[in-house]
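*Asks:* Please find the sequence and the predicted model below.
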Amino acid sequence: MYRSNIKLLGWSALIVFIDQFTKMMIKQSMHEGEHREIIANILRLTYVKNPGMAFGIQIGGNLFYTIFASIACIIILVYFFRLRPENFWARFALASILGGAIGNLIDRFRFQEVVDFIDFVIIHWPVFNVADIAVFIGMTILIIVVIFDKDHGETEEEQLEIS
């Protein structure tokens, strides 16, 4: 195992900690459906429980989402360990996605739904949480790496030609 893998998995653990801590604070200090203004007409805390997927999409029950998220975490972890250390941004993206996925997975195991509380009123975006932010950032970085990482692709092609 590479030393940088431990640091990146520490990043995943930090995301899980911050996600679970903020959700615990919301659950202890607010009632479901309650709103608190942070920045008037822009950002507020809104405590909601999401039994579905991202954006409240419902295509199955809690068991489906729990199994789906568990399998996704395993696949992300396997792929994470298969990447070489020089693929830092891809591994950072996977570590971010893994931390977010585990954060929401913990909610599914504990409450059979995900606690959301960050509410951007100004754009009418669905309420989300810290885990969702980590998944979004990780996915964005991963897309950028896949699109613009031409050196990595050429290196693999060169290695195939050599062997």
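*Replies:* Arrived safely, thanks for sending. Predicted model, so just to flag it, every value in this text is computed and none were measured.

*Asks:* Please make it C-alpha for all contacts and neighbour counts, starting now.
*Replies:* Will do.

*Asks:* Would you check how far apart the spatially closest residue to residue 131 that is not a sequence neighbour and residue 69 are?
*Replies:* In this structure, residue 131 finds its nearest non-sequential neighbour in residue 100, 3.8 Å apart by Cα to Cα, 6 or more residues apart in numbering. According to Cα to Cα, to the nearest Å, residue 100 stands 10 Å off from residue 69.

*Asks:* Where does pLDDT dip in the chain?
*Replies:* 1, 54-57, 151-163 (pLDDT under 70).

*Asks:* so where do the strands sit in it?
*Replies:* Under the criterion DSSP state E, the chain contains strands at 35-39, 43-50, 114-120.

*Asks:* counting contacts, what elements does the second one pack onto?
*Replies:* Here strand 43-50 is seen to pack against strand 35-39, strand 114-120 when contacts are counted using 3 or more Cα pairs under 8 Å, 6 or more residues apart in numbering; DSSP states H and E.

*Asks:* again with the first one
*Replies:* When contacts are defined as 3+ Cα pairs under 8 Å, 6+ apart, strand 35-39 packs onto strand 43-50.

*Asks:* got the angle for the strand it packs on vs strand 114-120?
*Replies:* 150 degrees (axes from the mean of the first three to the mean of the last three Cα atoms, to 10 degrees).
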